[in-house]
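**Q** here's a sequence, model it:
(chains A and B)
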Amino acid sequence: MQEVWVFAEQEDGVLSEVALELLSKARELAGQLAVRVGAVLAGSRVEVLARDLIAHGADRVYLAEHERLELYQTLPYANVVADAVRSYAPQIVLFGATVLGRDLAPRVASILRTGLTADCTDLQIGSHKDAATGKEYRNLLLQIRPAFGGNIIATIVTPEHRPQMATVREGVMRLAQKDTGRSGEVVRLPVDVRAEDCPLVILERSRRPRKVDLKKARVIVSGGAGVGSRENFQLIRDLAHALGGEVGASRAAVDFGFISKEHQVGQTGTTVRPKLYVACGISGAVQHRAGMSEAGKIVAINTDPNAPIFSIAHYAIVGDLNQVIPMLIKAAKER
Amino acid sequence: MAYRIVVCAKQVPDTKNITGQAMKEDGTVNRAALPAIFNPEDLNALEFGLSLRDQYGGTVTVVTMGPPGAAEILRESLARGADRVALLTDRRFAAADTLATSATLAAGIETLGGAEIVICGRQAIDGDTAQIGPQLAGRLGIPQVTYVEALDALVGSEIQVRRNLEHGHEVVKARLPVLLTIVGTANTPRPRSAKRLLRYRRARSRTELLQQMGTKPDDPAYLAKAAELEARGLLIPELTADSIRIDLAMCGAAGSPTKVKKIESVVLTSREQKRVEPTQEGVRALIRELIAEHTLD
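**A** Just a heads-up that it's a prediction; the model follows:
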């Protein structure tokens, strides 16, 4: 049966977390379709990563190893993935919507002349009836994504072309527990990468570890002008620590010098999509909301019951953050 | 070497500045009420192309696919310094996904004589897909360099650029022809020059001219006016499916593997909301609920 595939992004021998998250999702989709999960792993001397992919849900790891695949560049990687798809005909291929994934996936879709939906925030299996032809399709991948600056949510399908392809943002899918007892097989792909297949010369390359990783954070606790002072921002840090999250801030808090700009969430800061966003003393200007409204759940704490932040909050706490946050920390530590 | 530089641009609704007027009573966005603007990162792409031309020589052609009204961003391109523009417009291009759009743009670029350097903005603010650049490069069969932030050098047929990868950077060298996608931090787009603005604000496409004159394509007055505009370099050329000789199965809805099954508007104001009392018991219940629904581990 046609498998559900995940592109197992790795750089410098380290798997991207989103690839593992996608395997969790792929297992769920493959379960509904009663098919196997495949992972495509490309690189140089990366076979050791196959075990991790299997533990996270892959039944088969399609391994493409070649010296010329050591550093990522679009064309050789796109050809490896497209060739593997042609050989094994998976019905679905998922990529992380990372810097690399958003470079690779559209090139693969172009080679294969199939559909690709970017930045999906949910994936489901479902049916679809074409309004024009009346034709019914079963077991399609429903590719759900925000568009139009987050003002609409679209469900996209790829009825006639295979594979159905989508990219998914980091942190959107839940990472399942790894199971080191799982078994799977490694399928070595025939790979021949000639020098002329690699049109780019990479002269310089740097990767800096992200100090503040708001994009990948599952929980973000943000403080705004209402926190009052640089010293009092410690409350925000303490709550973030208690909830296992990162510290965010509104533009006002950054402008007041409570915290550095790399923590800023919003249109001019970082756009975040954590599962939980706790907004403390943030009024919720549209620019701030633009950067966090896609959070799974939003908890807002503000003394002003009319603060705009409450219009998008799932949980509204009207009260003084200096009293509420210590209570939250206490409750979080009890769990 | 005179480089043929093609910049791809898109007219988009201004999704970043949604004001009260653009909101419907039910809290959803009235897309028709949003002003149409030049996609921001495409302006960076245009600036990248113009400064390449200014430094190394060549011509900059701006290409867009869209309805007749998209001629507006081509007038703006001319005012900012583009040498030539072309509007890919045809009802049969409508409802295209990124694959069909890239096929149409590729056919258009080939009809215009091809290019050594194709430049796109990284992504458009209405869809945020960032797919057109790589897919267009795929169609044209040329290498792509995405997330370009700076030009280091262009020597003969070799270009060296710096890529901004959010968590790092890369300096890469590529042989032409190549497609680049440009990020918003690459440059500050030059303003429209007053002289060029005065000159090109009168530029029209044939469709616009017909509409403006309220007449038919065989009207001698219209034909004379169009010929006059063309002679003065003020006619914005419109390319149709026939003129770019594209297989109709490759463009528009027919050429789009993806279909929109459903669209839901996000309603900002009526999200289901729970009030949590600012008490120890209240927040304890909140934490329990967040754990139960797997928001917290």
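
**Q** so how far is residue A:127 from the nearest residue to residue A:159 once chain neighbours are set aside?
**A** Closest residue to residue A:159 apart from its sequence neighbours, by C-beta to C-beta, 6 or more residues apart in numbering or on different chains: residue A:137 at 4.9 Å. For glycine as for every other residue, the C-beta is placed from the backbone atoms N, C-alpha and C. Residue A:137 sits 6 Å away from residue A:127, going by C-beta to C-beta, to the nearest Å.

**Q** same thing with residue A:264?
**A** Applying C-beta to C-beta to residue A:264 and residue A:127 gives a distance of 43 Å.

**Q** where does pLDDT dip in chain B?
**A** The model of chain B has pLDDT under 70 over residues B:16-31, B:266-271.

**Q** so the host helix or strand of residue B:170, near chain A or not?
**A** Secondary structure assignment for residue B:170, by DSSP states H and E: strand B:168-175. Yes: Strand B:168-175 reaches chain A (C-beta under 8 Å from any C-beta of the partner chain) through B:168, B:169, B:170, B:171, B:172, B:173, B:174, B:175.

**Q** show me what counts as buried in that strand.
**A** Going by neighbour count (16 or more other C-beta atoms under 10 Å in any protein chain shown), the buried part of strand B:168-175 is B:169, B:170, B:171, B:172, B:173, B:174.

**Q** could you dump the residues of strand B:168-175 next to chain A into JSON lines and include distance to residue B:160?
**A** What follows is these, written out as JSON lines (distance: C-beta to C-beta, whole Å):
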{"residue": "B:168", "distance to residue B:160": "17"}
{"residue": "B:169", "distance to residue B:160": "13"}
{"residue": "B:170", "distance to residue B:160": "11"}
{"residue": "B:171", "distance to residue B:160": "7"}
{"residue": "B:172", "distance to residue B:160": "7"}
{"residue": "B:173", "distance to residue B:160": "5"}
{"residue": "B:174", "distance to residue B:160": "8"}
{"residue": "B:175", "distance to residue B:160": "11"}
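
**Q** who does the longest strand along chain A pair up with?
**A** Counting residues, the longest strand found in chain A (DSSP state E) is strand A:136-147. Here strand A:136-147 is paired, per DSSP bridges, with strand A:122-129 (antiparallel), strand A:152-157 (antiparallel).

**Q** pLDDT (mean, whole number) over the longest one?
**A** Averaging pLDDT along strand A:122-129 yields 95.

**Q** now what about it, what contacts it?
**A** A:25, A:29, A:32-33, A:94, A:135-144, A:157, A:159, A:166, A:168, A:172-173, B:259, B:261 (C-beta atoms under 8 Å, 6 or more residues apart in numbering or on different chains).

**Q** highest mean neighbour count out of the strands paired with strand A:136-147?
**A** The highest mean neighbour count among the strands paired with strand A:136-147, using mean count of other C-beta atoms under 10 Å in any protein chain shown, belongs to strand A:152-157: a mean of 20.

**Q** what comes into contact with that strand?
**A** Here strand A:152-157 has contacts from A:115, A:117, A:121, A:128, A:137, A:140-147, A:164, B:29, B:258-266, using C-beta under 8 Å, 6+ apart.

**Q** tell me what the helix or strand hosting residue B:63 is packed against?
**A** Using DSSP H and E, residue B:63 sits in strand B:58-65. Secondary-structure packing of strand B:58-65 (3 or more C-beta pairs under 8 Å, 6 or more residues apart in numbering or on different chains; DSSP states H and E): strand B:3-9, helix B:40-56, helix B:71-80, strand B:84-88, helix B:98-111.

**Q** distance from the chain centre to the last one, please.
**A** Right, helix B:98-111. For helix B:98-111, the distance from its own C-alpha centre to the chain's C-alpha centre is 13 Å (C-alpha atoms, centre = their mean, to the nearest Å).

**Q** okay, the angle between it and strand B:3-9?
**A** 150 degrees (axes from the mean of the first three to the mean of the last three C-alpha atoms, to 10 degrees).

**Q** and the stretch 51-200 of chain B, which residues reach chain A?
**A** So the stretch 51-200 of chain B meets chain A at B:97-99, B:102, B:125-135, B:137-139, B:143-147, B:160, B:165-175, B:178 (C-beta under 8 Å from any C-beta).

**Q** 7 Å - rerun?
**A** B:97-99, B:102, B:125-131, B:134-135, B:138-139, B:143-147, B:165-175 (C-beta under 7 Å from any C-beta of the partner chain).

**Q** closest to residue A:292 among the buried residues of strand B:168-175?
**A** residue B:169 (27.0 Å; C-beta to C-beta).

**Q** give me the nearest residue to the closest one, chain neighbours excluded.
**A** Using C-beta to C-beta, 6+ apart, the nearest residue to residue B:169 is residue A:206, at 5.6 Å.

**Q** and that neighbour, how many neighbours does it have?
**A** Neighbourhood size, residue A:206 [other C-beta atoms under 10 Å in any protein chain shown]: 10.

**Q** element containing it?
**A** strand A:200-207.

**Q** can I assume residue A:292 is in contact with residue A:277?
**A** Yes: using C-beta atoms under 7 Å, residue A:292 is in contact with residue A:277, at 5.2 Å.

**Q** of those two, who's got more company?
**A** residue A:277 (30 against 27).

**Q** please read off the pLDDT at the more buried one from the model.
**A** 97.

**Q** could you do residue A:211 as well?
**A** 69.

**Q** list the buried ones in the helix or strand bottoming out on mean pLDDT in chain A?
**A** When each helix and strand of chain A is scored by mean pLDDT, DSSP states H and E, helix A:286-292 comes last, with a mean of 80. The neighbour-count check on helix A:286-292 (16+ other C-beta under 10 Å) flags A:288, A:289, A:290, A:291, A:292 as buried.

**Q** thanks a lot, see you next time.
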